[in-house]
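> Fold the following for me, if possible:
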Amino acid sequence: MVLDDGSMWGSTKTDSTVERRQFIKALGVGATVGATGVTGAAGQQSEFPSGEIRLIVPWAAGGGTDRTARKLASLAENQTDASYFVTNITGGSGSAGFRRAANAKPDGTTVGVLTVEVCTISHLNISNIRPDDFAPVMQYNFDPASLTVHQDAPYDTVEGFVKHVKNQSGQLAFSNSGIGAIWHLSAAMFAQEAGISNKVKHVGYDGGAPAAKAVASGEVDATTTSAAEVAPLVKDGPLKILGVMGENRVNIFPETKTLQEQGFNVKSGAWRGLGVPVKTPENRVNALNEAFKSVYDSKEFKTFMKNNGFGMVYRSSDEYDQFMQSEYKRFGDLIKTLGIGQ
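Down below sits the predicted model:
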């Protein structure tokens, strides 16, 4: 079905007949968790939104954010009486989708899939959307940036890489998914921590995969995309990962140390979570949190995330709120230092 803005809605179901039945059900049937709702941690009754629950994905269909959102929706539909639909609204570095979710009716029936860009685009003067426009529901994912180089590079550690960079007369090139995007900001953050900001130049590509291929072809010296994006070129050659910028190692490369383990205090990467319009009643937020947390804890979702190389990190509504506020300030300070987005 084409929406009034030209975008498409997609059911989590694949059979067209089931889609039609679910859509009819969404128009007329109230959704509950149990007979009388669910009880939140604070002991108050949580009221689950009625009918159709629409997830707004601010990125194109088929990407990681879209795929994780559709998995959440399909599993949640198995646990509640609601019908779940995923709508992709793209453009403006995520701002079009964020804005649609933020401006929706605050009744819990529209859930935005929030990504790290909600903490950067206002600093980059792309949009005025920021974390304060949402009532956080939960965080479900974190994918740290990985420092990846060619397998023939004469170093196998982050320390060795930094020493090599410092000994060069010129600059080394870092590829990323676009200037101001998370992988560029992660590289810049690392360069600051390592004291090599003046020795590297950042080259933007149209996505993480092309950025990784640029290292393989020798166009650039290193990249800071996610481990999942470089995985095919690492497992089969010709790349190698020197370290990841997370608190923990990643499941797909458990032998690869974090930067913190190697003496560099850098934590940065892409993340995903859920949020609703800021004025959504707390009991609706709590109900959504409980429903999606149940999905997060399920074996099916854990298997999906692991098999596809997505890192799992859970933060509750309050924890996710604090995390986003911290990220908003941290990236704002970094972007100001870099002098971009002005």
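
> can you map out the helices along this protein?
With DSSP state H applied, the chain shows helices at 16-28, 64-79, 95-102, 158-167, 182-194, 208-216, 227-235, 282-296, 299-307, 317-338, listed in chain order.

> Please name whichever of those helices is nearest to residue 241.
With C-beta to C-beta, the closest approach to residue 241 among the helices of the chain belongs to helix 227-235: 5.8 Å. The C-beta positions use only the backbone N, C-alpha and C, and glycine is treated the same way.

> What residues of the closest one count as buried?
Across helix 227-235, burial judged by 16 or more other C-beta atoms under 10 Å covers 227, 228, 229, 230, 231, 233, 234.

> Please state the offset of that helix from the chain centre?
Averaging C-alpha positions (C-alpha atoms, centre = their mean, to the nearest Å) puts helix 227-235 18 Å from its chain's average.

> what angle do it and helix 64-79 make?
Counting by axes from the mean of the first three to the mean of the last three C-alpha atoms, to 10 degrees, helix 227-235 lies at 120 degrees to helix 64-79.

> outside of helix 227-235, which residues touch it?
With contact meaning C-beta atoms under 8 Å, 6 or more residues apart in numbering, helix 227-235 is reached by 64, 143-144, 146, 148, 208-209, 211-213, 215-216, 223, 239-241, 244, 250, 252-253, 256, 308-310.

> picking up where we left off before, tell me which of the helices of the chain sits nearest to residue 262.
helix 158-167 (4.6 Å).

> Tell me, how many residues neighbour the closest residue to residue 107 other than its chain neighbours?
With sequence-adjacent residues excluded and distances taken as C-beta to C-beta, 6 or more residues apart in numbering, residue 107 is closest to residue 49, at 6.2 Å. Using other C-beta atoms under 10 Å, residue 49 has 23 neighbouring residues.

> Tell me how many other residues surround residue 103.
Residue 103 has 12 neighbours, counted by other C-beta under 10 Å.

> Just the pLDDT at residue 79, thanks.
On the pLDDT scale, residue 79 is placed at 82.

> Would you quantify the distance from it to residue 72?
Distance, residue 79 to residue 72, by C-beta to C-beta, to the nearest Å: 11 Å.

> any shared contact partners between the two?
residue 295.

> List the residues that contact residue 68.
113, 140, 141, 272, 305, 310.

> for residue 166, same thing?
Contacts for residue 166 (C-beta under 8 Å, 6+ apart) come out as 195, 196, 199.

> returning to that earlier point: so which of the helices of the chain comes closest to residue 124?
Of all the helices of the chain, it is helix 317-338 that lies closest to residue 124, at 6.3 Å by C-beta to C-beta.

> Can you report how many residues neighbour residue 244?
Residues lying near residue 244 (other C-beta under 10 Å) number 29.

> What residues are bridge-paired with it?
Counting by DSSP bridges, residue 244 forms beta bridges with residue 146, residue 258.

> Let's see the PyMOL selection covering just the buried ones among the contacts of helix 227-235.
To isolate the buried members of the contacts of helix 227-235 in PyMOL, using 16+ other C-beta under 10 Å:
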select buried, resi 64+143+144+146+148+208+211+212+213+215+216+223+239+240+241+244+250+252+253+256+309+310
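
> from the contacts of residue 68, which two are the most distant?
Maximum pairwise distance in the contacts of residue 68, criterion C-beta to C-beta, is 14.6 Å, between 113 and 305.

> more neighbours, the two?
Neighbour count, other C-beta under 10 Å: between residue 113 and residue 305, residue 113 has more, with 27 against 18.

> That one contacts residue 64, doesn't it?
No: with contact defined as C-beta atoms under 8 Å, residue 113 does not count as touching residue 64 (10.7 Å).

> Could you tell me which residues touch both of the two?
Contact criterion C-beta under 8 Å, 6+ apart; residues shared by residue 113 and residue 64: residue 272.

> Out of the helices of the chain, which gets nearest to residue 261?
With C-beta to C-beta as the measure, helix 158-167 is the member of these nearest residue 261 (9.3 Å).

> the inter-axis angle of the closest one versus helix 182-194?
In terms of direction (the same axes, to 10 degrees), helix 158-167 departs from helix 182-194 by 80 degrees.

> mind starting the numbering at 375 from now?
In the new numbering, first residue 375, that becomes helix 532-541.

> Just give me how far helix 532-541 sits from the chain centre.
Worked out by C-alpha atoms, centre = their mean, helix 532-541 lies 30 Å from the chain centre.

> tell me the mean pLDDT over it?
The average pLDDT for helix 532-541 rounds to 97.

> C-alpha coordinates for that helix, PDB please?
The C-alpha coordinates for helix 532-541 follow below in PDB (Å, rounded to 0.1, in the frame of the first residue of the first chain):
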ATOM      1  CA  VAL A 532      46.400  -0.800  17.000                       C
ATOM      2  CA  GLU A 533      49.600   0.300  18.700                       C
ATOM      3  CA  GLY A 534      51.600  -0.800  15.700                       C
ATOM      4  CA  PHE A 535      49.300   1.100  13.400                       C
ATOM      5  CA  VAL A 536      49.600   4.300  15.400                       C
ATOM      6  CA  LYS A 537      53.400   4.100  15.400                       C
ATOM      7  CA  HIS A 538      53.300   3.600  11.600                       C
ATOM      8  CA  VAL A 539      51.100   6.600  11.100                       C
ATOM      9  CA  LYS A 540      53.300   8.800  13.200                       C
ATOM     10  CA  ASN A 541      56.400   7.800  11.300                       C
END
